[in-house]
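In: Output the structure for:
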Amino acid sequence: MNSQVLKEKYVELYEEHKNTLPGKNIPWLENLREEAIDQFKQSGLPDTSVEEWNVYPYKNLTNNYFSITGKENIDLSELKIKDEDCIARLILHNGSVVKIEADKLPERVLINSLSYFIENHPEIIEGNINPVNKHFETRLSNIIDPKSQGIVSLNTAFHKDGAVIYIEKNIKVSGYIEIINLSNNKTNLMNHIRSLIILEAGAKCKVIEKNIGLYSEDNLLFSSSVTDINLSKDSSLSFMRLIAGNLNNTNVNCTHADIEENAIFNSTSFVCSKGDARDEIRVNLNGTNSLVNLNGLLLGLEKSKNELLTKVRHIAKSTNSNQNVRAILNDKARASFQGKIRVEKKADDTVANMSGKSLLLNQSARVNSKPELEILADDVSCSHGVTVGSLDPEQLFYLSSRGISNNEAKKMLIAAFSEIVFENLDVSFKKNAQKFMADYYGTY
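Out: Predicted coordinates:
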């Protein structure tokens, strides 16, 4: 389908449904949606002409029209909290919250649907849902480029629900909170989720988000999720995102995090869809001594395309960032890691490190790595590097000479290669990641 025609059809769809979306009587939210659809009219969906989207074409997304209507049944009986470390769970199905389990939550911790907060606590979310222009790219020339944010524009205009986690000052939550985004369809369907995680000063929390495309039969499924994270002074958030999907799924996740003085953001992404999946993480280190640790693992089988894009802006002095990304690809899988560190003019004493390594298990697998440094300050310590390789025959021979089968030897080397992504996860996070990959991805 022609891109201009597709853009016009989505604008018409918005005009048709805008009065049914939450917050229609809240002026600032109405304005947010209108600004987003106006921006979408200009940018449309991103394609390979956009710098951040030029590695792989998303043909399912750019060649097909998706409806926002349609309701599928789903059995939630098996999705009961079984892990004692999980103190609350919020489940979304096709973009709407369908179940909340939060009996173990301490006081002064609020977890509910975005639609609930819009109706009952609009003062909490106002100013915390970022406008589309907050996601725009700042080029080296300082030109602001909106073209890469067509998905965020569409999400901001169409979102009807999502998860909101709000933790008051100095509250430290034990255990973790789980968000599950489930999608299924019998027509070409899109759903847009908008979530917020807000930690007041001194608060501490752990969150696991699981994104699962259950099935799509002969039809296509497009899911977008935008998460705005605001960490106040001295707060700490550990966040893990797990993405799985089938062949006909296109899953795009965008996270924007603002980190204030002495706050810590630990983020880990596992992207293991069998279709097309993309995880974007943009972080602003706004306060002195703020820290972000970004870890990611891209797993590819068959003809999957999995991408991870990270952009860290060091805005304040004495900020730190660490990025470690690993990709493991088999068959004809494709993967991409685009990582950028930007150190602004007054961000002296910045320490920033980025490492991307890829392991190809088949000659037909392909990976693209694009590390970038933009350093506008003088007194900084920054490094970046990427490597691509295959399993070492000498290491395989050494292990086989010790009586280890070839298959087990490969598993051991693959596990060692990806260990840096797992090593700093706590026990509950590691257990969830391993089970998720076994359930929805399998083994090599």
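In: Show me what the strand or helix carrying residue 33 is in contact with.
Out: Here residue 33, judged by DSSP states H and E, is contained in helix 27-43. Here helix 27-43 makes contact (C-beta atoms under 8 Å, 6 or more residues apart in numbering) with 7, 10-11, 14, 18, 21-24, 118, 122, 126, 129, 131-133, 146-147, 149-150, 152-157. From N, CA and C alone the C-beta is placed, and that goes for glycine too.
In: at 7 Å what do you get?
Out: With contact meaning C-beta atoms under 7 Å, 6 or more residues apart in numbering, helix 27-43 is reached by 7, 10-11, 14, 18, 21, 23-24, 118, 126, 129, 131-132, 146-147, 149-150, 153-154, 156-157.
In: Put the buried members of those residues into a ChimeraX selection.
Out: Of those, the buried ones can be selected in ChimeraX as follows, counting by 16 or more other C-beta atoms under 10 Å:
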select :7,10,11,14,21,23,118,129,132,146,147,149,150,153,154,156,157
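In: so how far is the helix holding residue 33 off the chain centroid?
Out: On the basis of C-alpha atoms, centre = their mean, to the nearest Å, helix 27-43 sits 22 Å off its chain's mean C-alpha point.
In: For the helix or strand just after that helix, could you pull out the residues that count as buried?
Out: Sequence-wise, the next helix or strand downstream of helix 27-43 (DSSP H and E) is helix 59-62. By 16+ other C-beta under 10 Å, the buried positions in helix 59-62 come out as 60-62.
In: Closest one of those residues to residue 290?
Out: Residue 290 lies nearest to residue 61 out of those, by C-beta to C-beta, at 34.2 Å.
In: wait, doesn't the closest one sit right on residue 221?
Out: No - here residue 61 does not reach residue 221: they are 10.7 Å apart, not a contact under C-beta atoms under 7 Å.
In: Please identify the buried residues of the helix holding residue 33?
Out: 29, 32-33, 35-37, 39-40, 43.
In: and if you look at stretch 169-184?
Out: The neighbour-count check on stretch 169-184 (16+ other C-beta under 10 Å) flags 171, 173, 175-184 as buried.
In: Straight-line length of that stretch, end to end?
Out: Start and end residues of stretch 169-184 are separated by 38 Å (C-alpha to C-alpha, to the nearest Å).
In: if we can go back for a sec, take the contacts of helix 27-43 and keep only those in helices.
Out: Counting by DSSP state H, the part of the contacts of helix 27-43 found in helices is 7, 10-11, 14, 118, 150, 153-154, 156-157.
In: Quick check: the two most widely separated of those?
Out: Longest span within the ones in helices among the contacts of helix 27-43, C-beta to C-beta: 7 and 118, 27.2 Å.
In: export the buried residues of stretch 169-184 to JSON lines and tack on secondary structure, distance to residue 86 and pLDDT?
Out: Shown next, in JSON lines, are those (DSSP: H, G, I helix; E, B strand; the rest coil; distance: C-beta to C-beta, whole Å; pLDDT from 0 to 100):
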{"residue": "171", "secondary structure": "coil", "distance to residue 86": "18", "pLDDT": "98"}
{"residue": "173", "secondary structure": "coil", "distance to residue 86": "12", "pLDDT": "96"}
{"residue": "175", "secondary structure": "coil", "distance to residue 86": "6", "pLDDT": "93"}
{"residue": "176", "secondary structure": "strand", "distance to residue 86": "6", "pLDDT": "96"}
{"residue": "177", "secondary structure": "strand", "distance to residue 86": "8", "pLDDT": "97"}
{"residue": "178", "secondary structure": "strand", "distance to residue 86": "5", "pLDDT": "96"}
{"residue": "179", "secondary structure": "strand", "distance to residue 86": "11", "pLDDT": "97"}
{"residue": "180", "secondary structure": "strand", "distance to residue 86": "11", "pLDDT": "95"}
{"residue": "181", "secondary structure": "strand", "distance to residue 86": "16", "pLDDT": "94"}
{"residue": "182", "secondary structure": "strand", "distance to residue 86": "17", "pLDDT": "91"}
{"residue": "183", "secondary structure": "strand", "distance to residue 86": "21", "pLDDT": "87"}
{"residue": "184", "secondary structure": "strand", "distance to residue 86": "23", "pLDDT": "83"}
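In: a markdown table please, covering these and showing distance to residue 418.
Out: Output for the buried residues of stretch 169-184, formatted as a markdown table (distance: C-beta to C-beta, whole Å):
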| residue | distance to residue 418 |
| --- | --- |
| 171 | 34 |
| 173 | 28 |
| 175 | 26 |
| 176 | 21 |
| 177 | 25 |
| 178 | 23 |
| 179 | 24 |
| 180 | 24 |
| 181 | 24 |
| 182 | 26 |
| 183 | 27 |
| 184 | 30 |
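In: ok, so of the residues you listed, who is nearest residue 382?
Out: Of all these, residue 176 has the smallest distance to residue 382: 32.1 Å, by C-beta to C-beta.
In: If I follow the layout properly, residue 430 ends up in contact with residue 424?
Out: No - with contacts defined as C-beta under 7 Å, residue 430 does not count as touching residue 424, sitting 9.6 Å away.
In: how about the strands in the stretch 301-444 of the chain?
Out: Here the stretch 301-444 of the chain has its strands, by DSSP state E, counting those that start in this stretch, at 305-314, 320-329, 334-343, 350-360, 366-375, 380-389.
In: quick one: the fifth one to chain centroid distance?
Out: Its chain's C-alpha centre and that of strand 366-375 lie 18 Å apart, by C-alpha atoms, centre = their mean.
In: what stretches of the chain score poorly on pLDDT?
Out: Flagging of the chain using pLDDT under 70 yields the residue ranges 69-72, 77-81, 138-144, 215-217, 440-444.
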